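J.: Need the 3D shape of this:
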Amino acid sequence: MSELEISIVVPVLNELESLPHLHEQLTDVLRDVGKSYEIIIVDDGSDDGSIKVVRDIVANDAAVVLIELRRRFGKSTALQAGFRVSRGDVVFTMDADLQDDPKEIPRFLEALDDDYDLVSGWKEDRKDPLGKTIPSKFFNYVTSKMSGLKLHDFNCGFKAYRREVIDDLNIYGELYRYIPVVVHAKGFRVGEIAVSHRARQFGKSKYGLERFIRGPLDLFTIMFLISFQKRPLHLFGPVGAVVGSIGLMVNAYLAVLWLQGEVIGDRPLLMLGTLMIIVGIQILVFGLLGEMIAAASYRPSDVEKLIRRINVRDEDAD
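T.: Prediction:
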């Protein structure tokens, strides 16, 4: 399979009316850009006839690829499937609901030329109801503070990636919301541009109230993996040491009372102190086991992925 310059990955769930318009708009813009391209549409279990519409488009446009998932698996799986099939040096993701404007694609390419590895869109003038915009602002504020990555809009579906970012990216569950955080933690440069955001023309949003529960849990998962995946003892060590130390102090206090002649064998405090010592040791052992697993899975070749560029003197310039 030959490499292309641009891949557009579009996850789809019941966007029957939007798809023909999206294809037309994307084709017009990409032809004007003048680079080789492919449009990868990933159907995530649509049941409204979206697949038939895309099949007709594929039959008439060789640049369009349709990936049909066996059932609905979620946006992360749809994106990962599109990434695996994509061949472009630059990979775009965008939603299929026509709220993302394909005319912004040249601006993303210009931003990538400014030495960024991932450029995320920012829906500065967002055309969504308050029930989505207000929670989104809070989500973005908390994520920015916790991750140290300053972005206005982490969950904007309109993004542009360099190929090396895609090749090193593995998302699952609901972690697509935190792709910029994951990419930033891997050492890639993440940028942001304000993009045009249009009101939804057809259908309705696929996101319900469950995102308010899943979002914080996914953020906790991401921060845990980023902070402690390679150094688990840094998490378990202090916790185990604190718990065990408290247990030792409790039992030391009881030992002093015992030396003074008091009976301590039937005191609940003795059981508590002993339990805390045992639990503290167990937590430390968990941390050490985690360190052993991390050491066993470490490969020196992984460091190569952290090298962004090697600059050497050009001898021909002398």
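J.: in terms of contact, does A96 touch V10 like I think?
T.: Yes: here A96 reaches V10: they are 5.1 Å apart, a contact under Cβ atoms under 8 Å. Backbone N, C-alpha and C define where each C-beta goes, glycine included.
J.: can you list residues touching both of the two?
T.: Any residue near both A96 and V10 by Cβ atoms under 8 Å, 6 or more residues apart in numbering counts here, and that gives 22, 41.
J.: now stretch 40-52: how far from the chain's centre is it?
T.: Distance of stretch 40-52 from its chain centroid, counting by Cα atoms, centre = their mean, to the nearest Å, is 23 Å.
J.: swap in stretch 168-182?
T.: The answer for stretch 168-182 is 2 Å, by Cα atoms, centre = their mean.
J.: and it, which residues are buried?
T.: 169, 171, 174-182 (16 or more other Cβ atoms under 10 Å).
J.: Just the ones of the residues you listed in helices?
T.: Among those, the members falling in helices are 179-182 (criterion: DSSP state H).
J.: which other helices and strands contact the lengthiest strand in the chain?
T.: Criterion DSSP state E: the longest strand present in the chain is strand 4-12. The helices and strands touching strand 4-12, judged by 3 or more Cβ pairs under 8 Å, 6 or more residues apart in numbering; DSSP states H and E, are helix 18-33, strand 37-43, helix 75-85, strand 88-93.
J.: Figure out how far that strand is from the centre of its chain.
T.: 18 Å.
J.: And stretch 29-38, by the same measure?
T.: 27 Å.
J.: and that stretch, how far apart are its ends?
T.: 12 Å (Cα to Cα, to the nearest Å).
J.: residues making contact with that stretch?
T.: Under Cβ under 8 Å, 6+ apart, the answer for stretch 29-38 is 4-8, 39, 63-65, 86-88, 102-103, 105-106, 109.
J.: residue ranges for the helices of this structure, please.
T.: So, for the chain - with DSSP H - the helices run 18-33, 50-60, 75-85, 105-113, 130-147, 163-167, 179-185, 211-228, 233-259, 268-297.
J.: Count residues in the vicinity of G261, would you?
T.: 6 (other Cβ atoms under 10 Å).
J.: could you measure it against N251, distance?
T.: 17 Å (Cβ to Cβ, to the nearest Å).
J.: before we move on, what about L272?
T.: 9 Å.
J.: One more: H23?
T.: 72 Å.
J.: do the same with V181
T.: 43 Å.
J.: before we move on, what about V285?
T.: Separation of V285 from N251 (Cβ to Cβ): 20 Å.
J.: Excluding sequence neighbours, find me the nearest residue to the residue most central in space within the chain.
T.: The residue lying closest to the centre of the chain (Cα atoms, centre = their mean) is I179, at 2.5 Å. With sequence-adjacent residues excluded and distances taken as Cβ to Cβ, 6 or more residues apart in numbering, I179 is closest to I171, at 6.4 Å.
J.: List the residues that contact that neighbour.
T.: 76, 79-80, 179, 182.
J.: Could you export these as JSON lines, including distance to R31 and pLDDT?
T.: Listed next are those as JSON lines, based on distance: Cβ to Cβ, whole Å; pLDDT from 0 to 100:
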{"residue": "S76", "distance to R31": "31", "pLDDT": "88"}
{"residue": "L79", "distance to R31": "25", "pLDDT": "93"}
{"residue": "Q80", "distance to R31": "28", "pLDDT": "92"}
{"residue": "I179", "distance to R31": "28", "pLDDT": "91"}
{"residue": "V182", "distance to R31": "33", "pLDDT": "89"}
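J.: okay if I get these as a markdown table plus distance to V165?
T.: Formatted as a markdown table, these follow (distance: Cβ to Cβ, whole Å):
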| residue | distance to V165 |
| --- | --- |
| S76 | 16 |
| L79 | 13 |
| Q80 | 13 |
| I179 | 9 |
| V182 | 10 |
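J.: could you measure A111 against S76, distance?
T.: From A111 to S76 the distance is 24 Å (Cβ to Cβ).
J.: Quick check, D117 in contact with P180.
T.: No: checked against Cβ under 8 Å, the pair D117 and P180 is beyond contact range at 10.6 Å.
J.: residues shared between the contacts of those two?
T.: Common neighbours of D117 and P180 (Cβ under 8 Å, 6+ apart) are V190.
J.: okay, the angle between the longest strand of the chain and helix 50-60?
T.: Put simply, strand 4-12 runs at 160 degrees to helix 50-60, going by axes from the mean of the first three to the mean of the last three Cα atoms, to 10 degrees.
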